[in-house]
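Student: sequence first, then the predicted structure:
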Amino acid sequence: MRPPNIVVILSDEHTAAAAGWAGHPHVRTPHLDRLAAQGVAFDRAYTNSPMCVPSRLSLMAGQYVHQLGAWDNGVIPDASYRTWGHHLREAGYTSVIAGRTHFNGPDRLLGFDRRLTDDLDFWLDHSGRPPRRTAGWRRPTNSHVTEQGSGDHVHTQHDVAATDAAVEFLRDPGEEPFLLYVGYMHPHFPLVAPPEFRALYDTADVELPAVADDQHPVISLLRHGFRNDEPLTEEQIREATVCYWALISHLDHQIGRLLAAVPDDTVVIYTSDHGEMAGHQGIWQKQCFYEPAVRIPMLLRHPSLQPGRSAAHVSLIDVLPTLRHAAGMAPDTALPGLTLLEAQDRPVLSEYHAQGMVDGGFMLKSGPWKYCYYGSAHAPQVFNVDDDPLELHDLSGETALVQRLDAELRLLLDPDATDARAKSDQAARLSRG
């Protein structure tokens with residue numbers, strides 16, 4: 001029996017709550033809402049790193065960041081790196097890329113067979129140099145939030161071109177089963193939205209984000225590094241927020257164009273590399289473990305699945321086992337993830353080893369609990385996300401709870417040894433550069 005065709009759609013910086021199917025009162029995502037109604041929406045899906053390149057390398061290889069050494073946005077995969085393309089070739093699939101992958105370096109395929117369109121080159125790092133991880137590091141500007149409003153932007157042009165190319169491919173994909181990956185830039189900053197989509201939203205509908213009164217020192221340093229401590233006017237916050245919503249709606253429009261060309265019996269996955277804080281806790285971008293940064297959309301349409309919702313904890317490392325399962329391949333026991341077609345609840349892990357945090361950060365999400373470990377020199381953070389969805393009440397003073405969650409984290413990795421290895425690898429790359 002011929003295995004099914006597969007389409008995977010990946011956006012950039014789409015937080016899980018900002019969608020119609022997720023219950024957002026304003027964000028308009030009719031095409032993704034329809035996909036959610038046709039398949040399973042995973043309400044507890046998480047990124048394995050709140051940063052672009054580490055999360056994407058983890059996603060494509062089905063392995064944790066620390067297993068790959070994918071510490072930061074400067075990492076260039078070596079010849080041992082195995083992606084979905086390598087895996088599904090064994091099942092007779094042709095694998096095709098359209099759009100954003102954020103693969104650094106000269107290899108633009110990394111195991112895939114064809115590329116229809118490529119990344120925007122100015123986003124790619126061809127040097128392999130690591131970021132500066134010092135307390136004095138600061139982003140040059142806070143343009144990630146202050147560059148905002150209606151207008152045309154190269155990100156929009158990129159996304160339209162990726163859709164065009166993917167739709168053209170789908171008109172005549174050939175005889176072999178295919179895996180088509182379509183990567184979008186939106187809703188990644190800058191917050192410059194196509195005028196017709198910006199016009200869908202009113203700044204009066206924006207609920208100003210919550211900020212804790214007494215912030216953790218690691219979060220304060222992160223905010224300082226990314227210039228999130230520079231005051232914004234209420235008008236800027238409201239405009240930035242509606243522009244983010246508008247970029248999501250433009251993304252949804254492109255996905256609607258794509259899905260119109262995809263037969264109903266095709267397996268479809270939609271997800272994002274990480275979320276966007278959008279001002280919550282006074283943070284714009286991601287690079288932390290609060291829910292808007294780490295919880296991501298995850299939708300799966302498969303002929304064998306009954307439509308519905310899943311409360312199982314899942315993460316990006318589960319996508320490759322799902323692709324193998326859908327292709328009729330046996331499970332790969334070397335992969336830490338599990339197939340979403342038989343989703344099982346278990347703790348999820350996220351890591352951050354880049355600028356803004358001098359020491360490595362690690363997040364364990366287990367049941368209602370979120371445990372954030374920042375090294376022995378810093379206090380952790382603990383939240384009951386079910387009871388405290390805005391994560392304003394740190395429970396790290398509850399010693400027994402901290403000890404239990406810390407032990408659970410250490411079943412997955414040794415955070416202190418991992419931090420030391422990350423710093424050593426980054427120092428070696430810096431010396432080579």
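Tutor: Okay, I see it. These figures come from a predicted structure and were not determined experimentally.

Student: for V96, helix, strand, or coil?
Tutor: Reduced to three states with DSSP: H, G, I helix; E, B strand; the rest coil, the structure at V96 is strand.

Student: over to I9?
Tutor: Quick answer, by three-state DSSP: I9 is strand.

Student: could you pull out the strands for this protein?
Tutor: Along the chain, counting by DSSP state E, strands occupy 6-11, 40-46, 94-99, 114-117, 148-150, 178-183, 191-193, 267-272, 298-301, 308-315, 348-352, 361-366, 369-373, 381-384.

Student: residue contacts, H155?
Tutor: 120, 185-186, 188, 190, 192 (C-beta atoms under 8 Å, 6 or more residues apart in numbering). The way it works is simple: take the backbone N, C-alpha and C, and place the C-beta from them, glycine included.

Student: any chance of the strands of the chain in a markdown table, plus mean pLDDT?
Tutor: Converted to a markdown table, the strands of the chain look like this (pLDDT from 0 to 100):
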| stretch | mean pLDDT |
| --- | --- |
| strand 6-11 | 98 |
| strand 40-46 | 98 |
| strand 94-99 | 98 |
| strand 114-117 | 97 |
| strand 148-150 | 97 |
| strand 178-183 | 98 |
| strand 191-193 | 98 |
| strand 267-272 | 98 |
| strand 298-301 | 98 |
| strand 308-315 | 98 |
| strand 348-352 | 98 |
| strand 361-366 | 98 |
| strand 369-373 | 98 |
| strand 381-384 | 98 |
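
Student: just put these in a markdown table and tack on mean neighbour count and distance to A212.
Tutor: Supplementary listing: those in a markdown table, determined by neighbours: other C-beta atoms under 10 Å; distance: least, C-beta to C-beta, whole Å:
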| stretch | mean neighbour count | distance to A212 |
| --- | --- | --- |
| strand 6-11 | 24 | 28 |
| strand 40-46 | 23 | 21 |
| strand 94-99 | 24 | 37 |
| strand 114-117 | 17 | 42 |
| strand 148-150 | 17 | 25 |
| strand 178-183 | 24 | 34 |
| strand 191-193 | 26 | 24 |
| strand 267-272 | 24 | 25 |
| strand 298-301 | 25 | 27 |
| strand 308-315 | 18 | 24 |
| strand 348-352 | 27 | 19 |
| strand 361-366 | 24 | 17 |
| strand 369-373 | 24 | 13 |
| strand 381-384 | 21 | 10 |
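
Student: any chance of these in a markdown table, with distance to W71 too?
Tutor: A markdown table is the format used below for the strands of the chain (distance: least, C-beta to C-beta, whole Å):
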| stretch | distance to W71 |
| --- | --- |
| strand 6-11 | 21 |
| strand 40-46 | 18 |
| strand 94-99 | 24 |
| strand 114-117 | 26 |
| strand 148-150 | 30 |
| strand 178-183 | 21 |
| strand 191-193 | 27 |
| strand 267-272 | 20 |
| strand 298-301 | 24 |
| strand 308-315 | 18 |
| strand 348-352 | 8 |
| strand 361-366 | 12 |
| strand 369-373 | 16 |
| strand 381-384 | 21 |
